[in-house]
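Colleague: Sequence first, then the predicted structure:
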Amino acid sequence: MLTFKLAYRNIIGAGLRTWLNVFVLSIAFVAIIWTQGLIEGMNKQVMDAMIDMELGGGQFWHQSYDRYDPLSIEDAHGSLSDGLTTLIEKGRATPVLITSGAVFPEGRVQTILLKGIDPKQKIINIPSEVLQIHDSDIIPALIGGRMAKETRLAVGDDVTVRWRDVHGTFDATDIRIVGIMNTSVQSVDVGQIWVPLASLQNMIQAFDEATLIVLEKQIKAIPPDDAVWISRDLDYLLKDLKELIRTKSVGSSIIYLLLLFMALLAIFDTQVLAIFRRQKEIGTLMALGMPRRKVIGLFTLEGALHGIMALLVGAVYGIPLLRLSAARGLSMPETMDNFGIALSDTLYPSYGAGLVMGTTLLVLIAVTIVSFVPTRKISKLKPTDALRGKLS
Amino acid sequence: MKNEILITTAHLVKKFPIGGHFFTALNDVNLTIRAGEFTGLVGPSGSGKTTLLNIIGALDNPTEGVAVVMGQDTKTLNHKQAARLRSECLGFIFQTYNLLPVYTVFENVEFPLLLLGIASSDRKKSVMKALEWVGLTDKVSSRPSQLSGGECQRVSIARAMVKRPKLVLADEPTANLDAANSHNVLKMMLQLNREMGTTFIFASHDEKVIGYLRRKIGLTDGKVVEDKIISTQNHEESETPC
């Protein structure tokens, strides 16, 4: 209690010097939480977008389907099991048929995936309803913004696609772009052309067949696997994304550490300076009868109190700032498309309790340790040397 | 208790390493100081006054010999025991006052009582009493930077006296003060010595201090070259000799 009282007196008594340190440290606090919140928000947004527009609440894959093997895709389709059919009929799942093909925009050729989806589905959040065209001569197609940009296709354009049916026969026809969707999920956009499920089944002669089934997000009762249809939960489906996030988190950890280092440097510097500047004071404290351990405790506590005060000061201006940034988000430049994972136009930072508490605890512990390290010098200080201002 | 032996030094030697050899700061110092004395260690710079004061104050250890302060051999004390001895029994007055710069006058004087764990209300009474002794009750909220040198030294005296120690060690207490302030401070210490029986030991080469001493211990090159009782009543009734 005495040490706390004296540390508090010293800190308040130091006036401007204290407040400068506290302010610098508080900036570090807020900056760490903001950058980490931004990264967490980005990761959360990417995952949410993938779940919303592609993965749903999980999927059933045809046993031959391997998303990394384009050659297997042509054979990866089959008739639906009764359980899955029931789910689809209840509107709790939607089938997707996938085949590889090529598109010929402006005389160029580009490999694509043709994806057939029920235009009336509500399971994944893509505007499939634009594919509901009652004209048997036209095969309507939906593409993403990036795909449109790459192929220079616009709504109303006709373009030739070529594919191979289940018998291995190549066929080609024109499709008409009826919609261009804006999506941050590259795997529903780049190199993908969405057509009505029935049309694609007809094109490749795979009637009533699908490659995968997307389940609704709130699904609870998932039918068991059978010989043909393998259940893939979100952990499995997001495995690659999580791996990518983990890889990229190395970069964010460096930012985190740099900011933390900056904060700790401020405290370390203050403490080292304090030991040099306040030698005479230390000598006086010892001469007046303060035990060495208490002097060390006093200086360490002063450092730790800087951390606590920085936390409070940081909260005063940081909470409104962080709330504002979470509400308004951060506009992302177009070049961020090349970042490797789908980013939306605006990033909304996410400040979870874990992030705030974890950062707070980590910074406070680090500040205390960093305060203690230079203070150890006091333990080597002879009172007579300290009184003379001579660090031994 | 008057005539009680407070300090005994026997064959006290203190050597400091300087370069490749040792400098002898104290050489075979044998002294006995009794309670209630108003004693000065007098000598030129480098004669060992401060070194002897530091050893008596358990701030430093002798190289050889023994220093027994209030029954405790300072050489055998560990850091904690030495700190306790200083905290409970000794008061220090420094040449440069050594007030804690961020504390007010009240907080500076209160500090030794905080270390002793004295209750808040008792602390307040003791501090105000000590400030009364030195005539600084109107400066309780001032910081050391707002005080004159003489006032700072009076705060330092109040801080040394507030816990009513048996022994006060004053290292060149008037070196930074003008003549008038020096005499004020010395008269104040003499009065405290007389009224409270506190033993004062000064390290000084200031003639003004020497004029107030009742016992003068002369040191030269670390040796006691003179030890004499000067007077028992000089300055006690006289006017300031300046």
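Modeller: Yep, it's here. Note that this is a predicted model, so its numbers are computed, not measured.

Colleague: Give me the secondary structure label for the residue in the stretch 151-300 of chain A positioned nearest to chain B.
Modeller: Of all residues in the stretch 151-300 of chain A, the one sitting closest to chain B is A:G289 (2.4 Å; Cβ to the nearest Cβ). Backbone N, C-alpha and C define where each C-beta goes, glycine included. In the three-state summary, A:G289 is assigned as coil, counting by DSSP: H, G, I helix; E, B strand; the rest coil.

Colleague: Is the residue nearest to it when sequence neighbours are not counted in a helix, a strand, or coil?
Modeller: Leaving aside its chain neighbours, A:G289 sits nearest to B:S87 (2.4 Å; criterion: Cβ to Cβ, 6 or more residues apart in numbering or on different chains). Put simply, B:S87 is helix when judged by three-state DSSP.

Colleague: Same question for B:I33.
Modeller: strand.

Colleague: what separates it from chain A, distance-wise?
Modeller: 19 Å (Cβ to the nearest Cβ, to the nearest Å).

Colleague: That residue: what's it in contact with?
Modeller: Applying Cβ atoms under 8 Å, 6 or more residues apart in numbering or on different chains, one finds that B:I33 lies in contact with B:I5, B:L6, B:I7, B:T8, B:T39, B:T199, B:I201.

Colleague: which one of the residues you listed sits closest to chain A?
Modeller: Closest to chain A, out of all of the contacts of B:I33 and judged by Cβ to the nearest Cβ, is B:I201, at 14.4 Å.

Colleague: got the residues of chain B near chain A?
Modeller: B:54, B:57, B:59-60, B:79-80, B:83-88, B:90, B:92, B:94, B:96, B:98, B:100-103, B:107, B:111-112, B:114-115, B:117, B:159 (Cβ under 8 Å from any Cβ of the partner chain).

Colleague: Might one say that B:Y212 is in contact with B:L186?
Modeller: Yes: with contact defined as Cβ atoms under 8 Å, B:Y212 reaches B:L186; the gap is 4.7 Å.

Colleague: Using the three-state scheme, assign the most centrally placed residue in chain B.
Modeller: Nearest to the mean C-alpha position of chain B, counting by Cα atoms, centre = their mean, stands B:L169 at 1.6 Å. Following three-state DSSP, the label given to B:L169 is strand.

Colleague: Phi first, then psi, for B:P17.
Modeller: Per-residue torsions, B:P17: phi -70, psi 130 (degrees, to the nearest 10).

Colleague: can you pull the contacts of residue 4?
Modeller: Let's take chain A. A:L301.

Colleague: Wait, chain B was what I had in mind.
Modeller: B:R34, B:A35.

Colleague: Look at the closest residue to A:R92 other than its chain neighbours and say how many residues are nearby.
Modeller: Once flanking residues are discounted, A:R92 sits nearest to A:E216: 4.8 Å by Cβ to Cβ, 6+ apart. By the other Cβ atoms under 10 Å in any protein chain shown criterion, the neighbourhood of A:E216 contains 19 residues.

Colleague: Next one: A:E216 from A:R108, what distance?
Modeller: Here the criterion is Cβ to Cβ, to the nearest Å. By it, A:E216 lies 38 Å from A:R108.

Colleague: who's A:A141 bridged to?
Modeller: For A:A141, the beta-bridge partners are A:I177 (DSSP bridges).

Colleague: Verify the contact between it and A:P196 for me.
Modeller: No: applying Cβ under 8 Å, one finds A:A141 not in contact with A:P196, separated by 9.1 Å.

Colleague: Show the contacting residues for the residue of the stretch 151-300 of chain A closest to chain B.
Modeller: Counted by Cβ under 8 Å, 6+ apart, A:G289 has contacts B:A83, B:R84, B:L85, B:R86, B:S87, B:E88, B:L90, B:P112, B:L115.

Colleague: on that earlier part again, if I look at the residue nearest to the centre of chain B, what pLDDT would I see?
Modeller: On the pLDDT scale, B:L169 is placed at 94.

Colleague: So it is in contact with B:F92, correct?
Modeller: Yes: using Cβ under 8 Å, B:L169 makes contact with B:F92 at a distance of 5.5 Å.

Colleague: Sticking with A:T86, tell me its helix or strand.
Modeller: Per DSSP states H and E: A:T86 is located in helix A:82-89.

Colleague: Actually, A:I308.
Modeller: Judged by DSSP H and E, A:I308 forms part of helix A:292-328.

Colleague: One more: A:V96?
Modeller: strand A:93-104.

Colleague: Just want the angle from that strand to helix A:82-89.
Modeller: 80 degrees (axes from the mean of the first three to the mean of the last three Cα atoms, to 10 degrees).

Colleague: tell me which strands and helices strand A:93-104 is in contact with?
Modeller: helix A:70-73, helix A:82-89, strand A:110-117, strand A:158-164, helix A:197-204, strand A:209-210, strand A:212-215 (3 or more Cβ pairs under 8 Å, 6 or more residues apart in numbering or on different chains; DSSP states H and E).

Colleague: and stretch A:257-271, is it in reach of chain B?
Modeller: No: counting by Cβ under 8 Å from any Cβ, no contacts exist between stretch A:257-271 and chain B, the nearest distance being 14.3 Å.

Colleague: Rounded mean pLDDT for that stretch, please.
Modeller: So the average pLDDT for stretch A:257-271 ends up being 77.
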